[in-house]
Each structure stands twice: as C-alpha cells, then as structure tokens.
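>>> make a model of this:
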Amino acid sequence: MKRIGTTTSGSMRGRLYILAIAVMMILLFTTSLSNPGSMSADQQHEQKQADQNLDRGASGKESDQGANETGHGNPGEQASVQCGVLKLEQPGNGLGQIPLYCISGTFYGGLTPPNVPHKDLPILRGTFVPAAEMGRWGAFFLNGGSNHGYLLLAPRDWKVMTADAGMDGSVKIELQDPSDPKIHLTYLDTGSCGGCAIQRIGSYFPDMKTWAEDQGMTPDALTFEKRSMMNEHIVQYRMAKVNEAYPTFGSAYRFHGQDDTRFTMLEIEAPETRLKAVQSMLDFFAKYPSAIVY
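Numbers count the residues shown, from 1 in each chain. Below is the predicted model of the structure:
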C-alpha cells in the first residue's frame, strides 16, 4: 500500500509539472496578444507561418490561405495583379513604361488599404532602364495608405511570397524567381521602431557601430565580403550567408535625425551570372529606398 501511495504521489507531481508548463505557455501567449504593437512585420510573418504550419499539422492538409487572384494558389504566395503601368522618364531616351503589379498585402491591425492606388503613381525621373530590357522588368507596388506605398523593381515573372505590414509601421516584402526559388529578394522597412532602426544601422553601416552602442543597442556581428558607401545614406554590400545557395547582394538606407531614425534594406540572393540584373534592382532601391508618396 505504501508503494502504491508513492507511485500515486509521483504521478501527481508529474501532472502538476505538466499543468505548470501549460499555465506558463498560456501566459506567454496572452502576453504577446496583449502587446501586439511591439511585433514587427517580420515577427508577425513568422508567427503567421508558425500558425499555418500548426493548422496543416492538425488537419493533415495544406492551408488554402496562399491562394491568390492570379490563380496560382501556391502555399505562402501572395496575390498580385497588373493594375496599370509605371512610367519612367529616361535620360536621353524619352518616356518608357513597365507593367505595374499591385500586391494584396497582410496588414496586422488597423485598416487594410486598397491594393490599387487611388491615382496614378508619379512619373519616375532619372531611372534608366535600357529599352532592350523593358520587356523583362515589372514594378511591384504595396499600397501603404491613402498617399504612399512601397515600390520595387524585379523581373515581371517573379512571384510575391510575402507582403506584410506590422502594427509598428514596419514592412517586409519577399519576391521569388519561379524558375529557381533559391533566387529571391527581400525588402525590409523597420517603420516606427526606432530601436530596430538604430540596431540595424549599427550593423550595416561601417562607421555607425559605436553610435548604435551609445544608444544602448547591440549591432549584429555580420561578415561582409565587400561593403562600400554610395553616399551618406546608402551602403551596398556583398555577403555569404550560411543557409543561402547563392551570394547575398544588398543595399541599406539610413536616416537619423533628432526625433526620427529610419532604416530600410534590400537583399537579393542570386548567382554571379545574374549580377547585371541584381545591380539594376539595387540601383532602383537606391533611388527609392523608402515609401514613395503619390
């Protein structure tokens, strides 16, 4: 009988341990819900992916949340539709145009703006795209509100895999080459998260590490194969990431004033044979590194 009592006591302790773990998980979960504004678009996208994976695991089926207007319906793919053209005033070559693709993004909190801008985007001046290459490019646009949005240059057959806007104003957009998914592009805007911007400025700009540390932020220890300042606000770089099949070519933008600190970046994983196209995308980003006003 004593032995039975010992076994029962051990079983009770085990149940209490499991209950304690469950309570901790509930507290962590409800805390994250009670303060969602602290999550960036990147973090919220990761949470969404984790939730979708749980749903797929529970149902044994692929989620249909990736279905889009163009009929692809691939898991994780965002909707995008041609919604006009983007006009480019080319130095010495007059006016050219490329198709404009409007993205249906995921907006966490607040109102979701229409994916199509309420009026034509302005003519972009000083952006050179050779006439012979006009047929390969498209402009991808995520409308951010009543008068602004995020504009990227990419091959027109690329697919939008992520388009998320966080409650803190941060934005993450990912595009992918359908013929080789290992070739992809990532755009990130840290939005109103000043600490996020300071930390990333200290990580990517060679002369800003100490400045970021003085602000109480710890920059990432990144290893660059090459890094060069294009002007006081733009840096271009190359790095090799452990989990990427191809080199990473990137560009980052910084702005910091007394009450306003901003950071955006564009990274492209692609083989050396695509370097010319990669540079065209990075050059376009350098001209329009943050939200464009229309």
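>>> so what's the most centrally placed residue in the chain scoring on pLDDT?
By CA atoms, centre = their mean, the chain has its centre lying nearest to K172, at 2.1 Å. Here, the pLDDT recorded for K172 equals 98.
>>> ok, it to A132 distance?
33 Å (CB to CB, to the nearest Å). For every residue, glycine as well, the C-beta is placed using N, CA and C.
>>> likewise S203?
S203 is 38 Å from A132, by CB to CB.
>>> okay, now F263: neighbour count?
28 (other CB atoms under 10 Å).
>>> I'd like the distance between it and D214.
On the measure of CB to CB, F263 and D214 end up 17 Å apart.
>>> and the helices in this protein?
2-34, 41-59, 194-204, 209-214, 275-287 (DSSP state H).
>>> lowest-confidence stretch among the ones you listed?
When I compare these, helix 2-34 is least confident, with a mean of 47.
>>> so T106 touches A165, yeah?
Yes. If you go by CB atoms under 8 Å, T106 and A165 touch, sitting 7.2 Å apart.
>>> looking at the two, which is more packed in?
A165 (27 against 18).
>>> what's near enough to touch the more buried one?
By CB atoms under 8 Å, 6 or more residues apart in numbering, the residues touching A165 are 41, 105-108, 142, 144, 171.
>>> can you add distance to V235 and give those residues back as CSV?
Listed next are these as CSV, based on distance: CB to CB, whole Å:
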residue, distance to V235
A41, 22
G105, 27
T106, 29
F107, 29
Y108, 29
L142, 24
G144, 24
V171, 20
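>>> between those, which sits nearest V85?
L142 (17.1 Å; CB to CB).
>>> just checking, the closest one touches G105?
Yes. Contact criterion CB under 8 Å: L142 and G105 qualify, at 5.0 Å.
>>> common neighbours of the two, please.
115, 163, 165, 173.
>>> and P155, what are its bridge partners?
Residues in a beta bridge with P155, per DSSP bridges, are W137.
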